[in-house]
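1. Model the following, please.
(chains A and B)
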2 protein chains.
Amino acid sequence: MTKITKAACIGGGVIGGAWAARFILAGIDVAMFDPHPEAERIVGEVMANAERAYGMLTMAPLPPKGKLTFVKSIEEAVQGADWIQESVPERVELKRNVITQIDAAADPKALIGSSTSGIMPTELQRDMKHPERMFVAHPYNPVYLLPLAELVGGEKTAKATLQEAKAKLAPIGMKGVIINKEIEAFVGDRLLEAVWREGLWLIKDDICDTETLDDVIRYSFGMRWAQMGMFETYRIAGGEAGMRHFLAQFGPCLSWPWTKLMDVVDLDDELVDKIAGQSDAQSGARGIRELERIRDENLVGIMHALKSGDGGKGWGAGKLLADFEQSLWANAKKPETDIGAAQPIGILETKVNAAWVDYNGHMTEHRYLQVFGDTSDGLLRLIGVDLEYVRDGHSYYTVETHIRNLDEGKLGDTLYTTCQVLSQDDKRLHLFSTIYNAETGAKLATAEQMMLHVDSKAGKAVPALPAVLAKVKAIAEAHASLPVPEGVGRAVGQKR
Amino acid sequence: MTKITKAACIGGGVIGGAWAARFILAGIDVAMFDPHPEAERIVGEVMANAERAYGMLTMAPLPPKGKLTFVKSIEEAVQGADWIQESVPERVELKRNVITQIDAAADPKALIGSSTSGIMPTELQRDMKHPERMFVAHPYNPVYLLPLAELVGGEKTAKATLQEAKAKLAPIGMKGVIINKEIEAFVGDRLLEAVWREGLWLIKDDICDTETLDDVIRYSFGMRWAQMGMFETYRIAGGEAGMRHFLAQFGPCLSWPWTKLMDVVDLDDELVDKIAGQSDAQSGARGIRELERIRDENLVGIMHALKSGDGGKGWGAGKLLADFEQSLWANAKKPETDIGAAQPIGILETKVNAAWVDYNGHMTEHRYLQVFGDTSDGLLRLIGVDLEYVRDGHSYYTVETHIRNLDEGKLGDTLYTTCQVLSQDDKRLHLFSTIYNAETGAKLATAEQMMLHVDSKAGKAVPALPAVLAKVKAIAEAHASLPVPEGVGRAVGQKR
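-> Residues are numbered from 1 along each chain as shown, chains lettered A, B, ... in the order given. Below is the predicted model of the structure:
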């Protein structure tokens, strides 16, 4: 059993709240304990951001949301939970106490992960009765979008625990990465801390300001690191001779006077004022909420871009997203009830996301066809044209499409689509889809499409397989009594 | 005069070759000097990669390519050049000698940039007669895609030189970032060196292997840094209280034992073997050429994603790309000759890029409409519907589209499009566009579209302005003698 059935979140700040959002959006109930008076508000804001982000991230059907319950104690929170995530403030004593309490109250088989960004798990599991199931699961902000969790075991952690944790993170779209040996700050924060220290010196010594430093990162190696890490990037830089050549070429730099890292900068009031002031000058024109929104939209866009990577197979976080979506589709309940009804079938709901709009915030022309394509894909899935069917060499191809643009979709609008089967035969499937604005009910666009069933290897039209045809016919018969929608059979420019 | 008219590249490895590609693709002639026997081959390969990448990066019309000439001496290379870029191997004496020779032979007003990744410009300009025009312009691999150049002046560099260099990089799509004070390794390589040193320790101490380290980067902060740098990211992490709160919260970590950076790792044979071996295990299944291809496609995808950022206005490197494209459109010669001819107008040429295909390598449905949308945009630009016209509140909206899918576009195919005006009146414009495979001449798809001229603020149809109407009429009259293309006036599913 690799699925989490119930989660507990102890600590509900930005990190704990985003863990809760991950669980809830994956359909898992969460019990949350946080004595902070503002905890419900903070978690609510994180949840809203996460729901907005998921609306843009995927058209795959998310499972029904899990239930979030705020409870009054650690003991109450962990009852029945099989994953317990600790995200309280970063103090050893506090975390150890909380984890010891969790241990005493929880099922002895429940996994206990700590969100600590630097404390060694051996320190945290010291007083536990069942320390073998405790480990660090260190995530990155925003946890609901960035997939990484560094998994680190302490002296008493069972090896199988880390494997189990990794397996349980996959169905919620996360990438568990097991770190061999525990050290303070693990791997990611070691690297970040190195950059941070060096960066502080650069600001203190007036080599550059915070905006220049950020520009240096984001116009260059930041874009490399979104897809490949440091070693794979340098392997390429080494050219045909690869990594060994790179090491020979750049190894000597290690002994050059290229760093002040041996000294630790004194973060005194003067330096704090300087950094805060420069940061205000750089980013102060936008509020934190706006920056969060932009960050999340950009992350979604980057993941979408990577999902198309490697010739459509997906790369890095984009491959992970594709796998996640595939599991969502596989687990989605087929809306069987719709199929036999004499009404157009509701296919999908989605949001107009930032990558879909022009500089006026209007949905661009081809995104309508993208939504129509996803709609016909949704219908095909209903009639049994799934990944397996396609892999076996059969598919429906679109040969003709007539789109009418009736109204405008705008950034953030929620859309839903319906699909009606106009007619069908062994090879042909004649569809009429409509995109609606979910709030106003306005029709934004309609598409009349002719699909042809093909043997994709032979590249020619052949009859659909019997199981698919049976379902198509059932829908077509149910839809036969529907009125022909306005717009069917039109040629471009024809008078109404 | 902020444009480079002729460039010289001294040194033609991966970096020098990619500088040459940047210049040439921006329409600037390049004289290249490199005594290496393989220089022409290496530069040729970099050029091929760059051309492929630009084909995917933008549909904006690149200017006619500059001419690349290999010459026999530094003296010959710098004749007539107003930007000279030095990219010879990273040894102070060698670089200083080359730069001194460049200085002696070049026009005293020509800018001289060094690609050094760490040497201070004061060291390099020591023996120059005209040191005030010399500076570091440190780029990042691949130079033809990553826009950053760190601009660093030495003691004798004139301040105006850095401003001039920055202004001259913008028209070739690059982001010149001026560094306040010179130090070894400047800003970017300081940050990279810090990560590199820490990373070497993590590998040496068996905390993780190279693949795990890369995964830690690319599934987490790598995606943050592709869009915002370190300080803006942490500003968000500080929440509503911003940067000051973040510093208060994470400042103390600076004194924790989170780093081995004070020691410099000994890159001995054992460690070199270990890293090279782990890197082979991680990436060895793909050749360097394949990794380069994937990297470039991902970079293009990430830049496209960022171009849609901030509600369509563009963010970071995507905003830069949008600005670059706007200048390309502004500088493009209008193909006036085509307009009056009795033939469909050739509008654009593009490549099927990695983000456009499904896992079978076939162009996805909505990308055809994207190309048709770019085609009608291209026609609109020809008749005077440009950014200014749209900003002033007028535009053509698509109200109806009929697409026929006739053949398949595949990854890497070169496509071109034509557009024919079928009819027009004051408000309406009836177009027929075709996408061809440029190599085979096959028709991939056709689109019949009805566009309506609107007052975009009032949201209603109004007559187009007289200058636009005059051009539309001229085209429509020239096209009146053309046969009506096959497929015009069709309804979906109609018999032929």
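2. Now do A:Ala149: how many residues are near it, please.
-> Other residues lying near A:Ala149 total 28 when counted by other Cβ atoms under 10 Å in any protein chain shown. All C-beta spots, glycine's among them, are computed from the backbone N, C-alpha and C.
3. cool, A:Gly277 as well?
-> When neighbours are counted by other Cβ under 10 Å, A:Gly277 comes out with 15.
4. ok, then the element right after the one helix or strand it maps to?
-> Assigned by DSSP states H and E, A:Gly277 falls within helix A:269-283. Next helix or strand after helix A:269-283 toward the C-terminus (DSSP H and E): helix A:288-307.
5. Buried residues of that following helix, list them for me.
-> Residues of helix A:288-307 classed as buried: A:288, A:291-307 (neighbour count, 16 or more other Cβ atoms under 10 Å in any protein chain shown).
6. Following the chain onward from it, which element is next?
-> By DSSP H and E, the next helix or strand past helix A:288-307 is helix A:317-331.
7. Can you give me the buried ones in that following helix?
-> The neighbour-count check on helix A:317-331 (16+ other Cβ under 10 Å) flags A:317-322, A:324-325, A:328-329 as buried.
8. Nearest the middle, which residue of chain A would you pick?
-> Centroid-nearest residue in chain A, with Cα atoms, centre = their mean: A:Leu145, separated by 4.4 Å.
9. ok, that residue - contacts?
-> A:50, A:53, A:57, A:296, A:299-300, A:303 (Cβ atoms under 8 Å, 6 or more residues apart in numbering or on different chains).
10. how about 10 Å then?
-> Going by Cβ atoms under 10 Å, 6 or more residues apart in numbering or on different chains, A:Leu145 touches A:18, A:21-22, A:49-50, A:53-54, A:56-57, A:173, A:295-296, A:299-300, A:302-303, A:317, A:321, B:223-224.
11. Quick check: the farthest pair among the buried residues of helix A:317-331?
-> A:Ala317 and A:Trp329 (18.9 Å; Cβ to Cβ).
12. wait, isn't A:Arg428 in contact with A:Ala461?
-> Yes - the criterion here is Cβ atoms under 10 Å, and A:Arg428 meets it with A:Ala461 at 8.4 Å.
13. list residues touching both of those two?
-> A:399, A:452-453.
14. who wins for most neighbours among those?
-> The most crowded member of those, judged by other Cβ under 10 Å, is A:His453 (23 neighbours).
15. The helix or strand that contains that residue near chain B at all?
-> Assigned by DSSP H and E, A:His453 belongs to strand A:443-455. Yes - with Cβ under 10 Å from any Cβ of the partner chain as the criterion, chain B is reached by strand A:443-455 at A:445, A:447-450, A:452.
16. And that strand, how far out from the chain middle?
-> 29 Å (Cα atoms, centre = their mean, to the nearest Å).
17. picking that back up, counting neighbours, which of the residues of strand A:443-455 next to chain B end up buried?
-> Burial by neighbour count, 16+ other Cβ under 10 Å: within the residues of strand A:443-455 next to chain B this picks out A:445, A:447-450, A:452.
18. what packs against the strand holding A:His453?
-> Applying 3 or more Cβ pairs under 10 Å, 6 or more residues apart in numbering or on different chains; DSSP states H and E, we find strand A:443-455 packed against helix A:365-382, strand A:394-405, strand A:414-424, strand A:428-437, strand A:460-461, helix A:466-479, strand B:394-405.
19. overlap between the buried residues of helix A:317-331 and the residues near chain B?
-> Residues of those in contact with chain B (Cβ under 10 Å from any Cβ): A:317-318, A:320, A:322.
20. Now do A:Ile24, the pLDDT please.
-> With respect to pLDDT, A:Ile24 scores 97.
21. got it, and the one 5 residues further on?
-> We have a pLDDT of 98 for A:Asp29.
22. Equivalent analysis for A:Lys260, please.
-> 50.
23. one step back: also within reach of chain B: list those from the buried residues of helix A:288-307.
-> Counting by Cβ under 10 Å from any Cβ, A:288, A:291-295, A:297-307 from the buried residues of helix A:288-307 sit close to chain B.
24. sorry, back to before: just the residues contacting the helix holding A:Gly277, thanks.
-> A:199-201, A:203-204, A:206, A:208-215, A:265, A:267-268, A:284, A:290-291, B:228-229, B:231-232, B:234-236, B:238, B:242-248, B:251.
25. Low-confidence stretches in the stretch 101-250 of chain A?
-> Filtered on pLDDT under 70, the stretch 101-250 of chain A yields the residue ranges A:240-241, A:250.
26. mind redoing it with 90?
-> For the stretch 101-250 of chain A, the stretches with pLDDT under 90 are A:193-205, A:229-231, A:233-250.
27. quick one, helices of it?
-> Here the stretch 101-250 of chain A has its helices, by DSSP state H, counting those that start in this stretch, at A:121-124, A:159-169, A:188-204, A:210-218, A:221-225, A:230-237, A:242-250.
28. nearest to B:Val352, of those helices?
-> Distance to B:Val352, taken as Cβ to Cβ, is lowest for helix A:221-225 among these, at 22.4 Å.
29. could you say what helices and strands that closest one packs with?
-> Helices and strands touching helix A:221-225, by 3+ Cβ pairs under 10 Å, 6+ apart, are helix A:210-218, helix A:230-237, strand B:148-153, helix B:188-204, helix B:210-218, helix B:221-225, helix B:288-307.
30. could these be laid out in a markdown table, adding distance to B:Glu75?
-> Formatted as a markdown table, these follow (distance: least, Cβ to Cβ, whole Å):
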| stretch | distance to B:Glu75 |
| --- | --- |
| helix A:210-218 | 35 |
| helix A:230-237 | 31 |
| strand B:148-153 | 26 |
| helix B:188-204 | 31 |
| helix B:210-218 | 45 |
| helix B:221-225 | 42 |
| helix B:288-307 | 34 |
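31. among these, which is nearest A:Leu162?
-> Of all these, helix B:210-218 sits nearest to A:Leu162, with 12.5 Å by Cβ to Cβ.
32. Brilliant, that's me finished.
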